[in-house]
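**Student:** fold the following.
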Amino acid sequence: MARHTRALSYVSELVEATLDLTAFQSDGGTAKAWILPSGKAVMVPMQHYIWLDKNRERLKTEFGLVVPPINGMKDDQMSRLWALKSGLVRVNFKPSTGNLVVEINKTFWNQKTRDALVALVHKNASAIDYVTVNIVDDAGVMQPSSDSANLSMVDDDEKTSLIPVAAKYKRTQLVAAALKRFVVNK
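**Tutor:** Coordinates of the predicted model:
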């Protein structure tokens with residue numbers, strides 16, 4: 001019974017920690033977010049590198065991360081790679097196409113980040129038609145394990161179990177099944 005209670009509590013926390021990507025769009029009509037090392041997703045109402053620059057103190061206080069100096073758009077790539085190497089997961093969602101792109105460093109492709117991704121897809125399933133998971137190394141090189149999936153013809157409650165790269169993990173399938181039992185309030 002205690003195990004069941006812990007599992008329900010965990011799934012409830014996942015649902016609470018994720019975002020409705022359709023509720024906000026930043027510049028270019030794209031919803032941007034970071035999944036923080038804690039597994040919590042935060043909306044980014046600007047370019048990802050600007051959010052990193054403006055949230056230096058938060059990242060240092062909460063995660064002990066020291067953001068390197070960022071000098072405008074020219075440091076976009078450098079700051080992106082730094083964030084990925086530090087355990088953040090980069091999320092872009094384009095509502096007009098239903099395309100969700102997730103970028104993560106291979107070192108941090110673990111159960112916590114897979115669970116956060118499953119919760120994100122669960123909460124936004126009705127708006128998502130395509131999911132791409134790009135797994136990169138420290139130099140930003142995409143790994144062969146990266147993949148994408150067309151989910152446009154899939155029922156919303158099945159999308160979490162078909163997330164590319166994540167779906168092959170048994171625990172991910174269990175979390176996806178548990179999330180199906182939760183009603184998502186938008």
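
**Student:** so which helix or strand takes in V101?
**Tutor:** V101 belongs to strand 99-105 when elements are defined using DSSP states H and E.

**Student:** distance between that strand and the chain's centre?
**Tutor:** 7 Å (C-alpha atoms, centre = their mean, to the nearest Å).

**Student:** what does stretch 146-160 give?
**Tutor:** 15 Å.

**Student:** ok, stretch 74-94 next?
**Tutor:** Shown here is stretch 74-94, whose average C-alpha point lies 12 Å from the average C-alpha point of the whole chain (C-alpha atoms, centre = their mean).

**Student:** buried residues, that stretch. List them.
**Tutor:** Of the residues in stretch 74-94, those buried under the neighbour-count criterion (16 or more other C-beta atoms under 10 Å) are 75, 79-94. The way it works is simple: take the backbone N, C-alpha and C, and place the C-beta from them, glycine included.

**Student:** and what of stretch 21-37?
**Tutor:** Going by 16+ other C-beta under 10 Å, stretch 21-37 has these buried residues: L21, Q25, S26, T30, A31, K32, A33, W34, I35, L36, P37.

**Student:** and the two most separated of those residues?
**Tutor:** Of all pairs drawn from the buried residues of stretch 21-37, the one with the longest distance (C-beta to C-beta) is Q25 and P37, at 25.2 Å.

**Student:** quick one: low-confidence parts of the protein?
**Tutor:** Counting by pLDDT under 70, the low-confidence segments of the chain come to 1-18, 25-27, 169-186.

**Student:** give me the buried positions along the next helix-or-strand element following the strand holding V101.
**Tutor:** Note on strand 99-105: by DSSP H and E, the next helix or strand toward the C-terminus is helix 111-124. Using 16+ other C-beta under 10 Å as the test for burial, helix 111-124 gives 112-124.

**Student:** any chance of TSV for these, columns distance to E103?
**Tutor:** Conversion of those to TSV gives the following (distance: C-beta to C-beta, whole Å):
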residue	distance to E103
K112	16
T113	11
R114	14
D115	17
A116	13
L117	11
V118	17
A119	17
L120	13
V121	15
H122	20
K123	19
N124	17
